[in-house]
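Novice: build the 3D model from these lines:
(one chain, ligands or ions: 2)
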Amino acid sequence: MMMAGDDQIISAEDLEKPLTYSAEAFLSPAYAKAEKERLWPNVWQMAGRVEEIPEVGSFITYDIADDSFLIVRTAPDTIKAFYNVCPHRGRQLVDTCPDRAQTCGKKKAIVCGFHGWTFDLNGKNTHILDKDDWQGALTEERTSLSPVRVDTWGGWIYITMNPDSGSLREFLEPAASILDPFEFEKMRFKWRQWVIYPANWKTSLEAFMEPYHVAGTHTQLLKYGNYYAYSKAYGAHGVSGFDERDQERRKAGGTSNTRAGAGADPRVATYELARENYETVNYSASTETLVNAARRLVDELPEGTPPGEVVKHWLASARADDAERGVVWPTLSPEQLTEAGLAWAIFPNQNILQGPTYALCYRSRPYGNDPDKCIFESYALERFPEGEEPKTEWVYAEPTGEKWGSVLAQDFANMEFVQRGMKSRGFRGALPNPHQEQKITNFHRNLAHYIGSTSLQLLDE
Ligand code: FES
Ligand SMILES: [Fe+2]
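Specialist: Numbers count the residues shown, from 1 in each chain. Ligands and ions are numbered 1, 2, ... in the order given. Take a look at the predicted model:
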């Protein structure tokens with residue numbers, strides 16, 4: 001593995017230039033080991049949603065590499081997290097299994113299955129069989145569960161194993177402040193699915209980090225417009241969206257700059273694009289309210305209404321429809337919407353494609369120590385009228401269109417073959433697009449800071 005000091009790591013400014021990176025990060029067991037030792041213990045990582053532990057005693061497990069955590073609601077407004085290990089002789093307190101996305105449940109106390117040591121929800125030991133045999137050596141410190149730092153943002157729970165790193169907020173900035181107006185904490189799961197997928201966790205995540213693949217992979221979407229879009233770095237995180245340069249490029253290609261879709265009649269095009277997105281991305285990346293409001297555009301607006309007016313009317317009527325059923329939209333200024341772009345990569349492994357009342361999210365994690373496999377998860381969030389939130393659980397779903405929808409199936413149909421292709425002796429290293437795939441190069445730039453080695457280089461070097 002090529003070692004590098006920070007001075008050898010590509011700067012944020014260099015991300016604008018043509019770069020290359022080798023396949024090592026995706027293929028090498030040594031790189032996977034370095035991630036286990038230097039990346040995962042040092043980042044804040046998303047471990048679940050607050051809604052998964054609604055009551056005192058509710059818990060979920062979160063597993064990453066060889067570590068497992070118990071995340072427990074210990075009081076109505078308090079969440080704590082512990083390493084999932086008994087201080088006696090090291091049995092896991094809750095059995096984990098790589099063939100489950102997670103384990104969840106509710107407990108009054110945590111009882112180890114080996115010798116029955118018992119802990120309260122705060123991790124304090126409350127029972128040890130024959131404690132006197134230790135002659136007083138079993139202090140509270142020695143017998144309590146090992147805590148890890150936990151915090152929340154946007155309805156997500158994050159943990160970090162590093163007791164000395166900065167706060168979650170610092171770690172998430174500037175993404176957190178840019179995305180706060182979307183009020184993700186008011187959204188709930190609509191569905192959640194996972195799969196053990198035959199590609200590195202980064203190969204899988206990167207398939208959802210850039211819009212450059214839309215034209216080649218999701219060819220059916222081209223009839224609705226040009227998907228030319230930027231992808232850029234925001235600190236450790238990254239976002240894709242349309243800026244002025246992209247708008248010019250899209251207009252030159254005959255596409256309006258309002259996302260009203262292509263075609264002569266923007267009322268029809270808006271509806272067709274909204275419906276296509278919703279139905280082929282497994283009923284996510286939009287909502288039923290938005291699709292229904294788009295369907296009515298031909299009845300509610302005269303022929304010849306300009307695209308900008310069509311979109312304005314569409315969003316206003318969807319907002320009114322939602323208000324009527326008790327779903328309040330967040331207040332999002334045009335500036336906030338522009339800055340938030342379309343889809344975020346929150347370092348290291350959380351992707352969010354956001355809208356006013358919905359979000360389509362991805363996470364991927366290593367599967368054991370195998371660099372060729374990952375646990376890939378995707379879920380849709382949506383704002384529901386209070387009391388009408390659907391009951392969901394993690395569903396294992398083979399990577400086909402049947403459960404994922406045709407668009408995600410198209411993405412799955414690439415990832416495995418990228419992983420295989422990168423092993424070719426004929427692969428000379430990646431040639432990422434400096435404008436449209438910068439989220440990916442920024443991802444590797446930040447990985448390099450943790451791993452201490454970089455495979456990212458300027459192309460003309
Ligand atoms: S290992 Fe847990 S009680 Fe012995
Ligand atoms: Fe895709």
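
Novice: separation between residue 225 and residue 290?
Specialist: With distances defined as Cβ to Cβ, to the nearest Å, the gap from residue 225 to residue 290 amounts to 17 Å. No exception for glycine: its C-beta is placed from N, CA and C like everyone else's.

Novice: looking at the two, which has the bigger crowd around it?
Specialist: In this comparison of residue 225 against residue 290, neighbours counted by other Cβ atoms under 10 Å, the higher total goes to residue 290 at 26 against 22.

Novice: next one: the more buried one from residue 147, what distance?
Specialist: According to Cβ to Cβ, residue 290 and residue 147 sit 43 Å apart.

Novice: how about residue 129?
Specialist: To residue 147, residue 129 is 24 Å away according to Cβ to Cβ.

Novice: more neighbours, these two?
Specialist: With neighbours defined as other Cβ under 10 Å, residue 129 and residue 147 compare such that residue 147 has more, 15 against 10.

Novice: mind listing what the more buried one touches?
Specialist: Applying Cβ atoms under 8 Å, 6 or more residues apart in numbering, we find residue 147 in contact with 80, 81, 82, 83, 123.

Novice: and for residue 74?
Specialist: Residue 74 is in contact with 56, 80, 121, 122, counting by Cβ under 8 Å, 6+ apart.

Novice: any idea which of those is closest to residue 348?
Specialist: residue 80 (23.2 Å; Cβ to Cβ).

Novice: please identify the helix or strand for the closest one.
Specialist: Under DSSP states H and E, the secondary-structure element containing residue 80 is strand 78-83.

Novice: who touches that strand?
Specialist: 47, 50, 53, 62, 67-74, 121-123, 145-150, 152, 157, 159.

Novice: of those residues, buried ones?
Specialist: By the neighbour-count criterion of 16 or more other Cβ atoms under 10 Å, these include these buried positions: 47, 50, 53, 62, 67-74, 121-123, 145, 148-150, 157, 159.

Novice: among the contacts of residue 74, which lie within strands?
Specialist: The strands, defined by DSSP state E, take in residue 80 from these.

Novice: show me which of the contacts of residue 74 neighbour ligand 1.
Specialist: By Cβ under 6 Å from any ligand atom, no member of those lies near ligand 1.

Novice: quick check, nearest of the contacts of residue 74 to residue 319?
Specialist: Closest approach between the contacts of residue 74 and residue 319, by Cβ to Cβ: residue 56, at 36.2 Å.

Novice: wouldn't the closest one be in contact with residue 108 here?
Specialist: No: contact status for residue 56 versus residue 108: not in contact, 9.2 Å apart, counting by Cβ atoms under 8 Å.

Novice: neighbour-wise, which of those two wins?
Specialist: For residue 56 versus residue 108, the count of surrounding residues by other Cβ under 10 Å is larger for residue 56: 15 against 9.

Novice: please name the nearest non-neighbouring residue to that one.
Specialist: Setting aside the residues directly before and after it, residue 56 is nearest to residue 73 in space (Cβ to Cβ, 6 or more residues apart in numbering), at 5.5 Å.

Novice: same check, this time on residue 104
Specialist: Among residues not flanking residue 104 along the chain, residue 60 sits closest, at 4.6 Å (Cβ to Cβ, 6+ apart).

Novice: for residue 43, same thing?
Specialist: Nearest-residue entry for residue 43: residue 348, 5.5 Å, with adjacent residues in sequence omitted and distances by Cβ to Cβ, 6+ apart.

Novice: could you do residue 240 as well?
Specialist: Nearest-residue entry for residue 240: residue 231, 4.1 Å, with adjacent residues in sequence omitted and distances by Cβ to Cβ, 6+ apart.
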